[in-house]
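J.: Quick one, fold the following:
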Amino acid sequence: MANLVWSFKEERNEYHLSMQEDFFGNFKIVESKVYLVKKGDNLMTEGNSINGLYCIKDGKGKMTKLNTNGKEQIIKFIKGGDILGHRSILSDELVGLNAIALEDMHVCFIPKGDILETI
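T.: Purely as a prediction, here's the structure:
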């Protein structure tokens with residue numbers, strides 16, 4: 001059985017996630033440090049790269065895309081338990097949607113490199 005610990009720090013935010021493998025080889029989160037995304041702030045921005053996963057602990061947000069007229073179109077609502085950015089793990093695609101907090105959200109970020117090291 002293995003234990004995985006990721007720590008990552010940038011400017012204002014510090015990220016920490018600790019996972020533990022069970023008898024069957026499944027991992028579960030045993031400890032995590034999350035950061036706050038304030039209401040109205042962008043979590044992901046269309047056209048940028050994120051290079052990792054965002055795990056939403058709590059709060060609500062929306063995923064939007066700008067249409068050809070420049071108008072925002074809501075694609076999906078997000079909430080606690082959702083994982084964002086999984087396409088960035090498998091490819092080097094840029095983010096195709098905006099993720100915006102509709103209320104304060106607590107979020108954990110797992111860098112792509114850390115995930116690929118464990119696979």
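
J.: can you map out the helices along the protein?
T.: Assigned by DSSP state H, the helices in the chain fall at 86-90, 112-118.

J.: Could you tell me the least trusted of those?
T.: Ranked by mean pLDDT, these end with helix 112-118 at the bottom, a mean of 72.

J.: Output the contacting helices and strands for that helix.
T.: strand 3-10, strand 52-58, helix 86-90 (3 or more CB pairs under 8 Å, 6 or more residues apart in numbering; DSSP states H and E). For the C-beta atoms, the positions are set from N, CA and C on the backbone; glycine is no exception.

J.: Show me which residues of that helix are buried.
T.: Residues of helix 112-118 classed as buried: 112, 114, 115 (neighbour count, 16 or more other CB atoms under 10 Å).

J.: export those residues to JSON lines and tack on distance to residue 90?
T.: Formatted as JSON lines, the buried residues of helix 112-118 follow (distance: CB to CB, whole Å):
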{"residue": "112", "distance to residue 90": "10"}
{"residue": "114", "distance to residue 90": "15"}
{"residue": "115", "distance to residue 90": "10"}
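
J.: and which of those residues is nearest residue 35?
T.: residue 114 (16.3 Å; CB to CB).

J.: can you give me the strands for the protein?
T.: 3-10, 13-21, 27-33, 35-37, 42-44, 52-58, 60-66, 72-79, 83-84, 98-101, 105-111 (DSSP state E).

J.: how about the helices of the chain in CSV, adding distance to residue 42?
T.: Below are those laid out as CSV (distance: least, CB to CB, whole Å):
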stretch, distance to residue 42
helix 86-90, 16
helix 112-118, 19
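
J.: From the centroid of this protein, which residue is nearest?
T.: Nearest to the mean C-alpha position of the chain, by CA atoms, centre = their mean, lies residue 54 at 0.7 Å.

J.: just to revisit the earlier point, where among the helices and strands packed on helix 112-118 is the average confidence lowest?
T.: Across the helices and strands packed on helix 112-118, the lowest-scoring stretch is strand 3-10, with a mean of 50.

J.: Low-confidence ranges, the protein, go.
T.: Applying pLDDT under 70 to the chain flags the ranges 1-33, 118-119.
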